[in-house]
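>>> sequence below, structure please.
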Amino acid sequence: MPPQNNSKNTIIFMVIAGLMLLAYSFFVMQPQAERQKAARAAAEQQAAASGTAGGTGATTDSAPAFITDREQARRALGDRVAIKTETVSGSLSLRGARLDDLYLTNYKDTLAPGSPSVELFRPEGMEHSYQAIFEWRGSNIEGGVPDRNTPWRLTQGTTLTPTTPITLTWDNGAGLRFTRRIAIDNQYLFTITDTVANFTPRSIQIVPFGKVERQGVPDDLGRNQILHEGAIGTFGTEGKYATTSLKYGAWAKKPVQEEESTGGWIGITDKYWLAALIPTQTEQVKAEFRISNLPAADTHSVNLQGQAQTIAPNAQISETTRLFAGAKRNEILAGYEKSLNLPRFIYAIDWGFLFFLTRPMFLIVEFFFGILGNFGLAILALTLVVRLIMFPLANKSYESMSRMRTLAPKLEELKKKYPDDPASQQKEMMALYQKEKINPLAGCLPLLIQIPFFYAVYKMLTVTIEMRHQPFFGWIRDLSAADPSTIWNLYGLIPWDPATVPLIGTFLTTNASLSVLAIVYGLTMWLQMAMSPPATDPMQRRIFQFMPVVFTFIMATFPAGLLIYWAWSNVLTIFQQYIIMHRLKSENPIDTFFARFKKA
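As a prediction, the model looks like this:
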């Protein structure tokens, strides 16, 4: 009987594939992750020892040693000017007027008490240095033009704040004087205005140039493959703009990529953070993504070159460039997009290919958050909205499924009637469906339609910083992370961290955690499937019976907010199915359970 053999083969294939995945994770991925972790720790210890012994982190024959003391790295770059606002803190170096020391004070690395603020920029000389530099380019200019090592002089202000911009000056000693005014707003926008005065007897031509450069790649790169990290920019002209993005891997394959644009923007993005150069939006610019191979590590940079400026004798010109350096909050990006007439700045957030679903769903969640004050409750409200939108189609599908459930005995009779004739069996089944006006595929429609919504919620929870470190209730302190509860310490009753188990600790706290939310999700999935018509093939029935168990383990690794959405969606589906089945007098497991309970 081919159909039954195919089903059996399918089951065998799924079991073997599952075992292979588990074995690969246990014997390959877990040890590999542990080795990488140990290697990083050893490298950090070696770098620390080199920094202590060598002071400035001198290079060795094997690899360069980095400065590990931040204060030492700051001092190595000369005098500094402090930066202090409600959202950022740090300093800029007067050598090159580089922005290279910046923390985002409203965000912490972890939820642990005393966790430090998120670091965005890091001084040169340290591993993974990250900075923004603004220069001028010109050929055959006596005395030169400002570059990354120019010794600027502070002439106005002491601390850069939203109310106290600073002014820097540099004279090239040959008739050119450069004045740089740096301002910052209450959020994350730096405005750099350069004025160049020409006191020579001849005209000169210079070109403004800015860059954001990062040494190497982040240590946590690649933990989540569904989001974009790397180079990003929006380029175009005459109102036609498109966003270009290069993940670090693709960037490495194409180390140099150039774009020409009228305005736009270019930057380097992480999951939640962005450093982007923003020119005047009417200016013709040349943008470039570039990787430079250096001894310490590959340096990733995004470069922005403005229009050449000609300065007549005894005249001056001004050039303004902006730098966004901060958190990718939707309302902040949207605000800058509007105030600066900045194209597609909100797409610095990786909304994904289903952006037409992801962003509206986020806006709905944000709206409910404003009312309810809790993002977990807002996700529950979003789920209700999605279910209401799908209600008419789902209602028809569940009616069809309920009718199919009543046909189950007749379908079993057909199987017994034609045990060795699948073709006749199928023909009679289709005739029965037509007679009862039932579409056997109708029950699949709600599930298929829910898949894009499911992915959009997952994407929203992954990429929006508004969800980061947002609590629900009880032990759920971060909706964007997996439920931390695990069966291996009896859900917190035993004061022990399963992650500390050698070799398999990560596996126990992720793939095999059996968290509370995962179990709730698995139970709702089981009940929902129990209310669906049983498969006619025994093997298919076994597959459906095991699916809730398999998905319980799979979903344990997903963000807690996603499990809340999906489990609540299952509850609403069960309620809707129960009402329909009760109305059509179709047998259902809920009534069956209570009937047995009463008898007992």
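>>> could you pull up the residues touching the residue of the chain positioned farthest from its centre?
Taking CA atoms, centre = their mean, the residue of the chain most remote from its mean C-alpha position is residue 417, at 55.6 Å. Residue 417 makes contact with 425, 428, according to CB atoms under 8 Å, 6 or more residues apart in numbering. C-beta here means a position set from N, CA and C on the backbone, and glycine is covered the same way.
>>> with residue 379 instead?
Residues near residue 379 by CB under 8 Å, 6+ apart: 365, 457, 479, 561, 564-565, 568.
>>> repeat the analysis, applying 6 Å as the threshold.
Contact partners of residue 379, counting by CB atoms under 6 Å, 6 or more residues apart in numbering, are 561, 564-565.
>>> so where is the stretch 101-250 of the chain shaky, pLDDT-wise?
221-225 (pLDDT under 70).
>>> what lines up beside the helix or strand residue 302 falls within in the sheet?
Assessed by DSSP states H and E, residue 302 sits inside strand 299-305. The pairing partners recorded for strand 299-305 under DSSP bridges are strand 204-215 (antiparallel), strand 284-292 (antiparallel).
>>> that older thread, which one (most neighbours) among the contacts of residue 379?
residue 561 (29 neighbours; other CB atoms under 10 Å).
>>> quick check: phi and psi at the spatially closest residue to that one that is not a sequence neighbour.
Closest residue to residue 561 apart from its sequence neighbours, by CB to CB, 6 or more residues apart in numbering: residue 479 at 3.6 Å. Dihedral pair for residue 479: phi -70, psi -20, per degrees, to the nearest 10.
>>> thinking residue 479 is in contact with residue 470, fair?
Yes - if you go by CB atoms under 6 Å, residue 479 and residue 470 touch, sitting 5.0 Å apart.
>>> give me the common contacts of these two.
In contact with both residue 479 and residue 470: residue 375, using CB under 6 Å, 6+ apart.
>>> who's more crowded, the two?
residue 479 (26 against 22).
>>> can you pull the contacts of that one?
375-376, 467, 470, 472, 560-561.
>>> which one of those residues sits closest to residue 284?
residue 467 (38.7 Å; CB to CB).
>>> how many residues are close by that closest one?
23.
>>> do the same with residue 235
Other residues close to residue 235 by other CB under 10 Å number 22.
>>> one more: residue 472?
The burial count for residue 472: 20, using other CB under 10 Å.
>>> the residue found closest to residue 98 once you drop the neighbours it is linked to in the chain bridge partners, please.
Spatial nearest neighbour of residue 98, excluding adjacent residues (CB to CB, 6+ apart): residue 133 at 4.8 Å. For residue 133, the beta-bridge partners under DSSP bridges are residue 211.
>>> wait, which of the strands paired with strand 299-305 is closest to residue 235?
Judging those by CB to CB, what sits closest to residue 235 is strand 284-292, at 6.1 Å.
>>> with mean neighbour count added, can I get the strands paired with strand 299-305 in TSV?
Converted to TSV, the strands paired with strand 299-305 look like this (neighbours: other CB atoms under 10 Å):
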stretch	mean neighbour count
strand 204-215	21
strand 284-292	19
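>>> need the ones you listed in CSV with distance to residue 257, can you?
Formatted as CSV, those follow (distance: least, CB to CB, whole Å):
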stretch, distance to residue 257
strand 204-215, 15
strand 284-292, 4
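>>> wait, which of those strands is closest to residue 241?
Among the strands paired with strand 299-305, strand 284-292 comes nearest to residue 241, with 12.2 Å by CB to CB.
>>> what's the mean pLDDT across the closest one?
The pLDDT scores in strand 284-292 average 95.
>>> on that earlier part again, now, which of the contacts of residue 379 sits nearest residue 385?
Using CB to CB, the contacts of residue 379 come closest to residue 385 at residue 565, 11.3 Å.
>>> check which residues of the helix or strand containing the closest one are buried.
Secondary structure assignment for residue 565, by DSSP H and E: helix 560-583. Across helix 560-583, burial judged by 16 or more other CB atoms under 10 Å covers 560-574, 576-578, 580-581.
>>> ok, now stretch 363-378?
364-366, 368-369, 374-378.
>>> do the same with stretch 132-142
Under 16+ other CB under 10 Å, the buried positions of stretch 132-142 are 132-137, 141.
>>> ok, now stretch 88-103?
88, 90-103.
>>> what's in contact with that stretch?
Here stretch 88-103 makes contact (CB under 6 Å, 6+ apart) with 77-83, 104-105, 117, 119-121, 123, 131-133, 148-150, 152, 168, 180.
>>> from the chain's centre, how far out does it sit?
26 Å (CA atoms, centre = their mean, to the nearest Å).
>>> stretch 571-582 now?
35 Å.
>>> check stretch 155-175 too.
For stretch 155-175, the separation from the chain centroid amounts to 37 Å (computed by CA atoms, centre = their mean).
>>> hang on, the earlier thing: any idea which of the contacts of residue 479 is closest to residue 345?
Of the contacts of residue 479, the one sitting nearest to residue 345 (CB to CB) turns out to be residue 467, at 20.0 Å.
>>> just list the residues touching the closest one, thanks.
461, 479-480.
>>> host element of residue 474?
Judged by DSSP H and E, residue 474 forms part of no helix or strand.
>>> how many neighbours does it have?
8.
>>> let me see the ranges of the helices in the stretch 351-500 of the chain.
355-372, 375-406, 408-417, 422-435, 444-463 (DSSP state H, counting those that start in this stretch).
>>> so for the strand or helix carrying residue 544, what's the average pLDDT?
Assigned by DSSP H and E, residue 544 belongs to helix 538-555. On average, the pLDDT along helix 538-555 is 80.
>>> ok, now stretch 494-512?
67.
>>> residue 518 and residue 456, how far apart?
Computed as CB to CB, to the nearest Å, the residue 518 to residue 456 distance reads 21 Å.
>>> more neighbours, those two?
Shown here are residue 518 and residue 456; by other CB under 10 Å, residue 518 has more neighbours (26 against 22).
>>> tell me the contacts of the closest residue to the more buried one other than its chain neighbours?
Distance criterion CB to CB, 6+ apart; nearest residue to residue 518, sequence neighbours excluded, is residue 556 at 3.8 Å. Taking CB under 6 Å, 6+ apart, we find residue 556 in contact with 513, 515, 518.
>>> check the secondary structure at the first one for me.
Put plainly, it is residue 513. coil (DSSP: H, G, I helix; E, B strand; the rest coil).
>>> was I right about it contacting residue 486?
Yes - Residue 513 is within contact range of residue 486, at 4.2 Å (criterion: CB under 6 Å).
>>> just curious, which of the buried residues of stretch 363-378 is nearest to residue 502?
Among the buried residues of stretch 363-378, and counting by CB to CB, the member closest to residue 502 is residue 376, at 34.7 Å.
>>> which residues touch the closest one?
Counting by CB under 6 Å, 6+ apart, residue 376 has contacts 472, 479, 564.
>>> rerun that using 7 Å as the cut-off
Residue 376 sits next to 472-473, 476, 479, 561, 564 when contact means CB atoms under 7 Å, 6 or more residues apart in numbering.
>>> now for those residues: which two are most distant?
Pairwise over the contacts of residue 376, using CB to CB, the maximum falls at 473 and 561, 12.6 Å.
>>> surely residue 226 is within a helix?
No - assessed with three-state DSSP, residue 226 is coil; it does not lie in a helix.
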